[in-house]
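K.L.:
How does the following fold in three dimensions:
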Amino acid sequence: MPGPDVVRAKDLPERVRIYEVGPRDGLQNEPTVVPAATKAELIRRLAAAGLGTIETTSFVSPRWVPQLADAAEVLALLGPSGTGRDRPVLVPNERGLDRAVAAGVGAIAIFGSATETFAQRNLGRSVAESVAMFRPVVARARDLGLWVRAYVSMCFGDPWEGPVRVEQAADACAALMDLGCDELSLGDTIGVATTGHVVALLDALEGRGLGVERVAVHFHDTYGQALANTMAALRRGVTVVDASAGGLGGCPYAGSATGNLATEDLVWALEGAGVATGVDLDALVATSRWLSAELNRPSPSAVVTALAPTP
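P.N.:
Purely as a prediction, here's the structure:
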């Protein structure tokens, strides 16, 4: 398949690490349960396409996210991890950490909120109480030598509370990172961020000692702004971007959250700008086409549609 013409954009990083969230964030909102064997095959295909970090699943309660009730089975089907950090899993609390450690993971992610309403709906507690809940999780994980990522949802807007102030989001991010996490992912859960807001939050985080070298961005494409916002973050110095193969995704606790930034759309843009990702775009598109057939619906990714249109 044809690729983009390459014209080096000198204001972008030379290399970007893509943090693939398709198997977890991409599938968690699917109405029909995807078999564990299909999830494991998806992860294998994504790895073969060159994605070095793939968030595989979540050890949340099956009552919260039934789609991910097979977390341990998926990891067992995959076998031992390559580097330990190549297959992070999401954990909601110490019980989730226990299950993740028993499954042999080398990296975990925790998830907080910048707003009180979403914290209550997602975790059943306030923002401060959520931080307190995660404190022993992070401490134990670090003692065990695990790599730890912190997600903060609703960094730019909340469907119940409306726009989120930059200082409010920065405070929530700093509180989780102060626990000892290695990396922070800024979540635009309902896709309302715009480029100036993105840069303003990154500036505020730097003012709190959280430089761009520790920050990833996670944009949803509800208003078609995910790629533009990502490019703004990269120009500000961010080098880690969350994306989902085929543009799948949503949030079971925020009905207005639509798909994630499609990994294929991101790779196309970065390849055209001369930014290395290590990803084979043809193999990635083929994987998303295969997944679309498994899910029995077309991929939302513009690049997948353009390069491999549905017959």
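K.L.:
Output the contacting helices and strands for the longest helix along the chain.
P.N.:
Counting residues, the longest helix found in the chain (DSSP state H) is helix 127-143. Judged by 3 or more Cβ pairs under 8 Å, 6 or more residues apart in numbering; DSSP states H and E, the packing partners of helix 127-143 are helix 94-102, strand 107-113, helix 116-123, strand 147-153, helix 166-177. Bear in mind the C-beta positions are built from the backbone N, C-alpha and C, glycine included.
K.L.:
and those as CSV, adding mean neighbour count and mean pLDDT?
P.N.:
Shown next, in CSV, are the helices and strands packed on helix 127-143 (neighbours: other Cβ atoms under 10 Å; pLDDT from 0 to 100):
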stretch, mean neighbour count, mean pLDDT
helix 94-102, 18, 97
strand 107-113, 24, 98
helix 116-123, 19, 94
strand 147-153, 24, 98
helix 166-177, 21, 98
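K.L.:
Turn these into TSV, including distance to residue 276.
P.N.:
Below are those laid out as TSV (distance: least, Cβ to Cβ, whole Å):
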stretch	distance to residue 276
helix 94-102	31
strand 107-113	23
helix 116-123	35
strand 147-153	22
helix 166-177	27
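K.L.:
Neighbours of the closest residue to residue 24 other than its chain neighbours, how many?
P.N.:
In space, and not counting its chain neighbours, residue 24 is closest to residue 55: 4.5 Å by Cβ to Cβ, 6 or more residues apart in numbering. Using other Cβ atoms under 10 Å, residue 55 has 26 neighbouring residues.
K.L.:
about what we covered before: name the residues of the longest helix of the chain that come out as buried.
P.N.:
By 16 or more other Cβ atoms under 10 Å, the buried positions in helix 127-143 come out as 127, 130, 131, 133, 134, 137, 138, 141.
K.L.:
ok, back up a step: wait, which of the helices and strands packed on helix 127-143 is closest to residue 247?
P.N.:
Of all the helices and strands packed on helix 127-143, it is strand 147-153 that lies closest to residue 247, at 18.8 Å by Cβ to Cβ.
K.L.:
Who are the packing partners of the closest one?
P.N.:
Going by 3+ Cβ pairs under 8 Å, 6+ apart, strand 147-153 lies up against strand 107-113, helix 127-143, helix 166-177, strand 183-188.
K.L.:
Including distance to residue 97, could those go into a markdown table?
P.N.:
A markdown table is the format used below for the helices and strands packed on strand 147-153 (distance: least, Cβ to Cβ, whole Å):
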| stretch | distance to residue 97 |
| --- | --- |
| strand 107-113 | 7 |
| helix 127-143 | 5 |
| helix 166-177 | 15 |
| strand 183-188 | 17 |
